[in-house]
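Student: Sequence first, then the predicted structure, then my questions.
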Number of protein chains: 2
Amino acid sequence: MNSDFTLAIHSITYLALQLDRMSTSDAISESAGVHPVRIRKVLSLLKKHGFIKSKEGTGGGFIFARDLSEVNLWDIYKITSEGALQPKCPDSNEACVVGANMQRVLIDIFLGAEEHLGEYLKHYTLKDIVDLIYKEN
Amino acid sequence: MNSDFTLAIHSITYLALQLDRMSTSDAISESAGVHPVRIRKVLSLLKKHGFIKSKEGTGGGFIFARDLSEVNLWDIYKITSEGALQPKCPDSNEACVVGANMQRVLIDIFLGAEEHLGEYLKHYTLKDIVDLIYKEN
DNA sequence: TGTACTGTAATGCTAATCGTTACAGATTAG
DNA sequence: CTAATCTGTAACGATTAGCATTACAGTACA
């Protein structure tokens, strides 16, 4: 799994703490420790799905566009990383019982795993994340 | 996630269908479509944990060493891929509330996710996999 | 003693990831 | 109107992870 998922969580959490004004990709990138272009790339996905809004030009930037307890981590996972759990099996040997059927079996199992993961991630809303950020260790 | 997990499943399933004799890394690699050295590398992990036995020299190879319904996919995951879900966060900005706390929050969430995944994988024993291999689509 | 294996280190290739540059388009301030 | 400040995206390069491959030592057997 690449880091788009965690980067998206980081960015949108940042926005969740700046609900009253727009944040630039520069500001977010400084918080997340990555390049502003990556932030813009990830946030363009979130925008496409209506979780945030953006504005170009002076005074522009990104701003959260939903209710905090309405967005959960599964929403974000689906946008940034759906299918990431799926293993990339090399073409195995069709002449072997195992080789011929393993891929099908594994795909089903991993699809189930991702679905299962979804049930877990659904329980974390952005509001939960914000609370956790402020909670002492 | 790299493919060690699926390769391990493939290999050990192969062995599960050859319980009466040893299989060479060459034979398994032909079924899985990867290089024999990778098979030996993955299987050396499974051996270290007692799931299989191996023998060097002529007539040697690998053989399954447990009961089919006693080994499940979570066992194999732990050996080959534990921690693979964990995101590699870049060092974020300690001067920012989000940057300073996000890593801790994410690590906890992903630890929970892996634990949750474990509950799912525990339900698949090697016997289940063998049955699925033989089951028609 | 030669042959057939495992075990493992080392090397190199390839693809994914990510940083960086570049620049077009939008918006606002002056 | 023009310069400054943003987003949006494509393109290029560097770094890294994954994997194949080679090489060879160690073990068992015929």
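Tutor: Here it is on my side, so go on. Remember, predicted model here, so these are calculated numbers, not experimental data.

Student: From now on I want contacts and neighbour counts done on CA atoms only, so please keep to that.
Tutor: Will do.

Student: how about the host helix or strand of A:Ile28 against DNA strand C, any contact?
Tutor: Element membership for A:Ile28, per DSSP states H and E: helix A:25-32. No: no part of helix A:25-32 sits near DNA strand C under the criterion Cα under 7 Å from any atom of the strand; the closest distance found is 9.0 Å.

Student: Quickly check: that helix near chain B or not.
Tutor: Yes: remark: helix A:25-32 sits within contact range of chain B at A:30-32, by Cα under 8 Å from any Cα of the partner chain.

Student: and A:Ala100, what does it touch?
Tutor: Under the criterion of Cα atoms under 8 Å, 6 or more residues apart in numbering or on different chains, the neighbours of A:Ala100 are A:92-94.

Student: repeat for A:Leu106
Tutor: B:Thr6.

Student: okay, it: pLDDT?
Tutor: Note on A:Leu106: pLDDT of 95.

Student: tell me which element it is part of?
Tutor: Per DSSP H and E: A:Leu106 is located in helix A:97-121.

Student: mind listing what the nearest residue to A:Pro90 once chain neighbours are set aside touches?
Tutor: Of all residues not flanking A:Pro90 in the chain, B:Gly33 sits nearest, at 6.2 Å (Cα to Cα, 6 or more residues apart in numbering or on different chains). Residues near B:Gly33 by Cα under 8 Å, 6+ apart: A:90-93.

Student: Are any of the residues of helix A:25-32 next to chain B buried, and if so which?
Tutor: A:30-32 (16 or more other Cα atoms under 10 Å in any protein chain shown).

Student: tell me which parts of chain A are close to chain B?
Tutor: So chain A meets chain B at A:1-3, A:6, A:10, A:13-14, A:30-34, A:85, A:87-93, A:96-99, A:101-102, A:105-106, A:113, A:116-117, A:120-121, A:129, A:132-134 (Cα under 8 Å from any Cα).
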